[in-house]
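Undergrad: task: produce atomic coordinates for the following.
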Amino acid sequence: MEDATVVATTIRQVVADTPTKTSTGGRIWEVIRTAHPDFTPTNFGTKNLRAFIRRFVTDVKERDRAGADILYGLENEPEDDGQQPASTTPLDIERKHSPRFLTPTMVL
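TA: Have a look, this model is predicted:
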């Protein structure tokens with residue numbers, strides 16, 4: 001059985017090696033299966049990869065969703081790079097900037 005710290009280091013490296021310092025759970029899982037073919041989250045008392053990351057890779061955090069997948073990022077990396085996230089829809093932008101979506105406490 002692999003040591004949790006070895007697998008955690010692999011996960012950290014997958015995220016750190018991308019230009020955006022983020023990676024989907026699916027991509028992380030692909031790399032783990034190649035680098036650590038015997039890895040199973042249940043061997044470490046966790047039910048899935050998400051629980052493993054939460055418990056053993058504390059500097060990698062859930063940042064967003066990428067469809068049904070989770071987008072992970074390094075904790076020390078800024079979340080907002082000034083660009084709209086891929087999951088932002090025109091309605092989200094309209095809600096943020098339109099007076100008709102403001103609550104009474106938001107109106108001056």
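
Undergrad: which residues of the protein score low on pLDDT?
TA: 1, 77-108 (pLDDT under 70).

Undergrad: quick one: the strands in it?
TA: Ranges of strands within the chain are 22-24, 60-66, 69-74, based on DSSP state E.

Undergrad: mind exporting the second one as PDB, just the C-alpha atoms?
TA: Coordinates of the C-alpha atoms in strand 60-66 are reproduced here as PDB (Å, rounded to 0.1, in the frame of the first residue of the first chain):
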ATOM      1  CA  VAL A  60      -5.200  21.800  -2.100                       C
ATOM      2  CA  LYS A  61      -8.800  23.200  -1.800                       C
ATOM      3  CA  GLU A  62     -12.000  22.900  -3.800                       C
ATOM      4  CA  ARG A  63     -12.200  26.100  -5.800                       C
ATOM      5  CA  ASP A  64     -15.200  25.600  -8.200                       C
ATOM      6  CA  ARG A  65     -17.100  23.100 -10.300                       C
ATOM      7  CA  ALA A  66     -16.200  22.000 -13.800                       C
END
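
Undergrad: now the strands of the chain as a markdown table including mean neighbour count and distance to Asp3?
TA: For the C-beta atoms, the positions are set from N, CA and C on the backbone; glycine is no exception. Listed next are these as a markdown table, based on neighbours: other CB atoms under 10 Å; distance: least, CB to CB, whole Å:
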| stretch | mean neighbour count | distance to Asp3 |
| --- | --- | --- |
| strand 22-24 | 22 | 21 |
| strand 60-66 | 17 | 17 |
| strand 69-74 | 20 | 21 |
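
Undergrad: which of those sits closest to Arg50?
TA: Within these, the stretch nearest Arg50 is strand 69-74; the backing value is 6.4 Å (CB to CB).

Undergrad: what sits up against that closest one?
TA: 11-12, 15-16, 20-26, 28, 50, 53, 59-65, 79 (CB atoms under 8 Å, 6 or more residues apart in numbering).

Undergrad: try it again at 6 Å.
TA: Val15, Lys21, Thr22, Ser23, Thr24, Gly25, Gly26, Val60, Glu62, Arg63, Asp64 (CB atoms under 6 Å, 6 or more residues apart in numbering).
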